[in-house]
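> the following block contains a protein sequence and its predicted model.
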Amino acid sequence: MTVTREAVEQWIRAYADAIAEHEQALTQLDMAIGDGDHGANMQRGFQAVLSRMSSVAEGDVGALFRMVGMTLLSTVGGTSGPLYGTLFLQMALQTQGKRELKPEELEAALRAGLDGIIARGKASPGDKTMIDALKPAHDALRQALHQKASLGEALRRAEEAARAGRDATIALVARKGRASYLGERSAGHQDPGATSAHLLMECAARTWM
Ligand code: ADP
Ligand code: MG
């Protein structure tokens with residue numbers, strides 16, 4: 001089982017659709033503990049990604065991830081643009097020149113992307129950010145592949161872990177990003193970035209069922 005470029009493109013397209021579908025919900029979450037632009041930020045970025053999709057040369061997974069990362073960096077303001085941009089640019093570095101990926105290569109790319117977000121945003125698990133969905137998802141993916149699960153099964157477990165991590169942000173007090181300005185008042189609200197990060201894993205699981 002390998003991950004083809006077509007499948008990666010399907011994943012990105014599915015995510016763009018999911019963002020469009022959840023734009024209002026992401027905005028509502030960000031209105032409660034931020035400035036209410038997370039839905040619009042993500043929507044702007046992924047609509048730009050969609051419009052550039054056909055300009056990416058056939059064949060190379062890395063080129064596709066690179067286009068996504070560059071597009072997010074150049075079109076999305078706010079904190080989440082540079083962070084998601086970094087995720088995809090790091091995934092691009094890991095996959096450049098590859099026409100398809102082994103499941104372990106996808107896992108390694110995701111790990112590099114996660115490390116990139118942590119290096120840039122300096123958030124730790126429990127700070128009530130997208131890391132709280134992405135890190136458990138990557139851990140679950142790696143463990144499942146290590147146990148010889150199929151890619152589809154491994155991504156299902158990653159999605160479940162991302163969902164649990166997202167839900168756990170409700171109780172947390174934010175220590176990074178705008179929500180941290182609220183201090184204790186940030187508790188009781190689900191983190192917008194962890195919510196969009198879970199959607200990314202949900203789309204991956206759906207694409208590689
Ligand atoms: P902004 O906060 O600049 O308005 P967005 O609303 O688009 O940007 O994104 C907010 C989300 O970004 C938060 O919900 C959180 O998940 C994520 N975030 C904020 N700061 C960090 C950080 N330092 N590291 C990781 N994620 C972060
Ligand atoms: Mg915001």
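Nice, I can see it. Ligands and ions are numbered 1, 2, ... in the order given.
> alpha carbons only for contacts and neighbour counts from here, please
Noted.
> and the longest helix seen in the chain, what does it pack onto?
When the chain is parsed with DSSP state H, its longest helix is helix 5-33. Contacts defined by 3 or more Cα pairs under 8 Å, 6 or more residues apart in numbering; DSSP states H and E place helix 5-33 against helix 38-52, helix 61-75, helix 192-207.
> for those, give me TSV that also has mean pLDDT.
Compiled in TSV, those are given as follows (pLDDT from 0 to 100):
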stretch	mean pLDDT
helix 38-52	97
helix 61-75	97
helix 192-207	98
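> for the ones you listed, give me CSV that also has mean neighbour count and distance to residue 178.
Converted to CSV, the helices and strands packed on helix 5-33 look like this (neighbours: other Cα atoms under 10 Å; distance: least, Cα to Cα, whole Å):
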stretch, mean neighbour count, distance to residue 178
helix 38-52, 21, 11
helix 61-75, 23, 19
helix 192-207, 23, 11
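> okay, the ones you listed in CSV with distance to residue 148 next?
Formatted as CSV, these follow (distance: least, Cα to Cα, whole Å):
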stretch, distance to residue 148
helix 38-52, 33
helix 61-75, 24
helix 192-207, 17
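> tell me which of those lies nearest to ligand 2.
Closest to ligand 2 of these is helix 38-52 (Cα to the ion; 4.7 Å).
> from the chain's centroid, how far away is the closest one?
Centroid separation for helix 38-52 versus its chain: 13 Å, with Cα atoms, centre = their mean, to the nearest Å.
> residue 2 is in contact with residue 103, isn't it?
Yes. Contact criterion Cα atoms under 8 Å: residue 2 and residue 103 qualify, at 6.3 Å.
> neighbour-wise, which of these two wins?
residue 103 (20 against 14; other Cα atoms under 10 Å).
> what is the helix or strand of the chain with the lowest mean pLDDT packed up against?
Sorting the helices and strands of the chain by mean pLDDT, DSSP states H and E puts strand 3-4 at the bottom, at a mean of 93. If you count contacts as 3+ Cα pairs under 8 Å, 6+ apart, strand 3-4 packs onto strand 100-101.
> so what does the strand it packs on touch, helix or strand wise?
Against strand 100-101 (3+ Cα pairs under 8 Å, 6+ apart) you get strand 3-4.
> strand partners of the strand it packs on, parallel vs antiparallel please.
Applying DSSP bridges, strand 3-4 is found paired with strand 100-101 (antiparallel).
> what's the angle from the helix or strand just after the partner strand to helix 5-33?
Sequence-wise, the next helix or strand downstream of strand 100-101 (DSSP states H and E) is helix 103-121. Orientation of helix 103-121 against helix 5-33 (axes from the mean of the first three to the mean of the last three Cα atoms, to 10 degrees) gives an angle of 30 degrees.
> can you tell me if helix 103-121 touches ligand 1.
Yes. Judged by Cα under 6 Å from any ligand atom, helix 103-121 and ligand 1 are in contact via residue 121.
> am I right that residue 127 is in contact with residue 178?
No. Applying Cα under 8 Å, one finds residue 127 not in contact with residue 178, separated by 11.7 Å.
> how about the residues of this structure that lie near ligand 1?
When proximity is defined as Cα under 6 Å from any ligand atom, the chain approaches ligand 1 at 30, 35, 37-38, 41, 78-80, 121-123, 129-131, 176-178, 191-194.
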